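Asker: let's see this in three dimensions:
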Amino acid sequence: MARRSAAVSAISLAVVVAAAACGPAHHGAAQPTAGPSRTTAPTVEPSRTTASPSASTGARPGPACGTGHLRWRLTRLAGTSGKAPTALLSARNTSAKSCVFNGYPKLHAYAGKGPAVWSEPKAKVPVRLVLNPGSALDFPLFYPASPAADGSCSIPVDDHPRIEVLPPHRASTDYGAAVQITDSHGRNVTPVFCDTVHLGAPRLR
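Answerer: Residues are numbered from 1 along each chain as shown. Here you go, the predicted structure:
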C-alpha cells in the first residue's frame, strides 16, 4: 500500500512539473510587435534636359524687318485683266543681318490733307518669312488705277498723291518710307489710286 501511494505521488509530481514547464512557453513568450514598414524611397533627381535654343527659349532668326532694313520698290504692271495685279510692291533686305517679315505692310497714298487711300490684305493668309541679306519679297497689289465710268476716283487723278509704305509690327519710331511708282523700266509714272489697295500673298525671291 505504501508503495502504491509513493507511485501515485511520483506520477502527480511529474504531471505538475510538466504542466509548469509547458505553461510559460505557451503564455509567457513575448510576441513580436508588428510596426509600420519604413522603406526609404530613393531620391529622384529632376530631369535636366538642355533646351534647344531655337525651340524652347523662343529664339528668333532675327529682329522684325524695319524701314532701316528694307528698300521698297513700287512697280506699275502692264496687265489690263481685271484679275491681274495692278502693281507690285517689293521689299529687299539691304542690311547685313537677317530679319523677320511678320505680316503685311501698309501702303498709304494721300494728297496733302485731302483724300487718301489705304491698303489691306486681299486674303487672310498669315505671313511670317525670314528675309536674309539681299533677298526680297514681292506683294501683288490689286486696285483700280483709272476712274470709274462716272468719273469717280478716291484720289483725283490730277492730285499726284504721295505714297508711303510702313513695315508690319514696326517700332514706335519707325515712320515708314516714301516710294515713287515706276514702270517695269524704272521710269516714273503718275500714281492713280481710285479705291482701296488690296495686297495679295507675298512671294519670296
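Asker: my guess is residue 156 contacts residue 115. True?
Answerer: Yes: under the criterion of C-beta atoms under 8 Å, residue 156 makes contact with residue 115 at 7.3 Å. All C-beta spots, glycine's among them, are computed from the backbone N, C-alpha and C.
Asker: right, and residue 68 touches residue 95 too?
Answerer: Yes: here residue 68 reaches residue 95: they are 7.0 Å apart, a contact under C-beta under 8 Å.
Asker: compare the two (neighbour count), which wins?
Answerer: residue 95 (18 against 13; other C-beta atoms under 10 Å).
Asker: can you find the helix or strand in this protein with the smallest mean pLDDT?
Answerer: Scoring the helices and strands of the chain by mean pLDDT, DSSP states H and E places helix 2-27 at the bottom, with a mean of 44.
Asker: state the mean pLDDT of the helix or strand following that helix.
Answerer: Using DSSP states H and E, the helix or strand that follows helix 2-27 towards the C-terminus is strand 70-76. For strand 70-76, mean pLDDT rounds to 98.
Asker: check which element follows strand 70-76 along the chain.
Answerer: strand 87-93.
Asker: report the strands that pair with that next one, each with its relative direction.
Answerer: Strand partners for strand 87-93, identified by DSSP bridges, are recorded as strand 70-76 (antiparallel), strand 136-142 (antiparallel).
Asker: what's the closest of those to residue 127?
Answerer: The minimum distance between residue 127 and these falls on strand 136-142, with 8.7 Å, by C-beta to C-beta.
Asker: what sits up against the closest one?
Answerer: For strand 136-142, the surrounding residues in contact (C-beta atoms under 8 Å, 6 or more residues apart in numbering) are 85-93, 101, 104-105, 107, 119, 122, 129, 131, 197-200, 202-205.
Asker: 6 Å instead?
Answerer: 85-92, 101, 197-200, 202-205 (C-beta atoms under 6 Å, 6 or more residues apart in numbering).
Asker: only the buried subset of those, as a ChimeraX command please.
Answerer: Here is the ChimeraX command that picks out the buried ones among the contacts of strand 136-142, judged by 16 or more other C-beta atoms under 10 Å:
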select :85,86,87,88,89,90,91,92,101,197,198,199,200,202
